[in-house]
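**Student:** Provide a 3D model corresponding to the input given below.
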Amino acid sequence: MAKRTSLKDIAQLVGVSTALVSYVLNNKRENRISKAVAQKIRKAAQELNYQPNQIAKSLKTNKTRTLGLLVADIANPFFSSLARYIEDEADRQGYTLIFASSDENPQKFRKLINTLLSRNVDGLLIAPPEGTQDQIIQLQQQATPFVLIDRYFPDLRTSYVALDNHQAIYLATEHLIRSGFRRIGMLTFQTELTHINERTRGYRSALNDHQIPFKKRWLREISRSNLIPEVAKAIHELTAGHNPVEAIVFASNTLALCGLRQLKSQSIRIPDNVAVVSFDETDINDLFHSPLTYVRQPLQEMGQLATRILLETMSANNRITQANLPATLVVQASTQPLAVSLLD
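**Tutor:** Numbers count the residues shown, from 1 in each chain. Next up is the predicted model:
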């Protein structure tokens, strides 16, 4: 293995002290050093391929300039896009981001939290799985700086950045009602996670506010562990028989993708047979034969805000900031008003 270039190597090449090299490369006291000498030092560092020893630096400052991001699944377009915005913001603030996926598994989540902490990250951004309140409480007790993102626990006083999930699905359901639809179904997850249950509450609130009696059979709660067969069954039962639903709201992009595949396999046409509202901005929204109406989350704002709140928390660990950001409904052909659809 090639010998790592040290400050001493640069100092010997230029003919100055090691301390002077350190001052220049750390942008200190350059007003007391001639520009010519500083330029020589920087050129020598570049020629020798000098790389700062971050481990030694972190031992001295007790900071690693790294942040940890723990999401449910980095392959999910929502989380991958969010991670990119967080990574960009962290970089602007002089930090490197390390991220991992919990796969909605509390045991894996716990293991990854411990791994990130063992790497001495300066703070954590966390999208916690169901059943991980105890782990979050432990982080609070350890005075670990963290911000929850996308998900939060209302019984715990923590900083978080999330969507206004009630407003998001209320907006989607109300749009369907104003487009002439009355029998509106919803596919959501069977879970205790607040953000998902807030979406269900938004759906029911919109029906209630527009005097549409809620029917239990319209709301289908899907188990993550049995996703495909349960979605297939729900789609069939919602769209078949007497008085099938006229529209379906999907409470997540995972459910939407699975549901769209089932609609296609069952030869159910959108919007001719059923209108559809999806969740999140994905390529399929425009590539589908009938561009999908969908709920857009403010991902860039969420990522940037969560990162900034975390950095503030790291400097003032007693500060709590909570934000629920509004969604936007992007209306496309999949929710064509009922009267227009019937005329076609």
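
**Student:** Can you tell me the closest non-neighbouring residue to residue 331?
**Tutor:** Closest residue in space to residue 331, ignoring its immediate chain neighbours: residue 293 at 5.1 Å, by C-beta to C-beta, 6 or more residues apart in numbering. For the C-beta atoms, the positions are set from N, CA and C on the backbone; glycine is no exception.

**Student:** That neighbour: neighbour count?
**Tutor:** By other C-beta atoms under 10 Å, 26 other residues sit near residue 293.

**Student:** same check, this time on residue 23
**Tutor:** Other residues near residue 23 come to 18 when the count uses other C-beta under 10 Å.

**Student:** Next, it: secondary structure please.
**Tutor:** Classification of residue 23 by DSSP: H, G, I helix; E, B strand; the rest coil places it in helix.

**Student:** just to revisit the earlier point, hang on, the residue nearest to residue 331 packs against residue 337?
**Tutor:** No: when contacts are counted by C-beta atoms under 8 Å, residue 293 is not listed as touching residue 337 (11.4 Å).

**Student:** Check which helix or strand the closest residue to residue 217 other than its chain neighbours maps to.
**Tutor:** Leaving aside its sequence neighbours, residue 217 sits nearest to residue 237 (C-beta to C-beta, 6+ apart; 7.4 Å). Assignment of secondary structure by DSSP states H and E places residue 237 within helix 227-239.

**Student:** dump the residue contacts of residue 169.
**Tutor:** Shown in contact with residue 169 (C-beta atoms under 8 Å, 6 or more residues apart in numbering): 186, 198-200, 202-203, 206, 249, 251, 295.

**Student:** how close does it get to residue 95?
**Tutor:** 34 Å (C-beta to C-beta, to the nearest Å).

**Student:** Over to residue 154?
**Tutor:** Counting by C-beta to C-beta, the separation of residue 154 from residue 95 is 29 Å.

**Student:** of these two, who's got more company?
**Tutor:** In this comparison of residue 154 against residue 95, neighbours counted by other C-beta under 10 Å, the higher total goes to residue 95 at 22 against 10.

**Student:** Surely that one and residue 122 touch.
**Tutor:** Yes: using C-beta under 8 Å as the test, residue 95 is close enough to residue 122 to be in contact (7.3 Å).

**Student:** Need the overlap of contacts for those two.
**Tutor:** Common contacts of residue 95 and residue 122, defined by C-beta under 8 Å, 6+ apart, comprise 65-67.

**Student:** Quick check: phi and psi on residue 151?
**Tutor:** For residue 151, the backbone dihedrals (degrees, to the nearest 10) come out as phi -120, psi 150.

**Student:** right, and it touches residue 125 too?
**Tutor:** No: in terms of C-beta under 8 Å, residue 151 does not count as a neighbour of residue 125; the distance is 11.5 Å.

**Student:** Compare neighbour counts for those two and give me the winner.
**Tutor:** More neighbours sit around residue 125 than around the other of residue 151 and residue 125, counting by other C-beta under 10 Å; the figures are 27 against 21.

**Student:** secondary structure class for the more buried one?
**Tutor:** State at residue 125, reduced to three classes by three-state DSSP: strand.

**Student:** How about it, nearest residue that isn't a chain neighbour?
**Tutor:** Excluding the flanking residues, the one nearest residue 125 by C-beta to C-beta, 6+ apart is residue 69, at 4.7 Å.

**Student:** Then residue 146?
**Tutor:** Across the structure, with C-beta to C-beta, 6+ apart as the measure, the residue nearest residue 146 apart from its sequence neighbours is residue 124 (4.1 Å).

**Student:** Verify the contact between the one you found and residue 66 for me.
**Tutor:** No: with the criterion set as C-beta under 8 Å, residue 124 and residue 66 do not qualify as a contacting pair; they are 10.5 Å apart.
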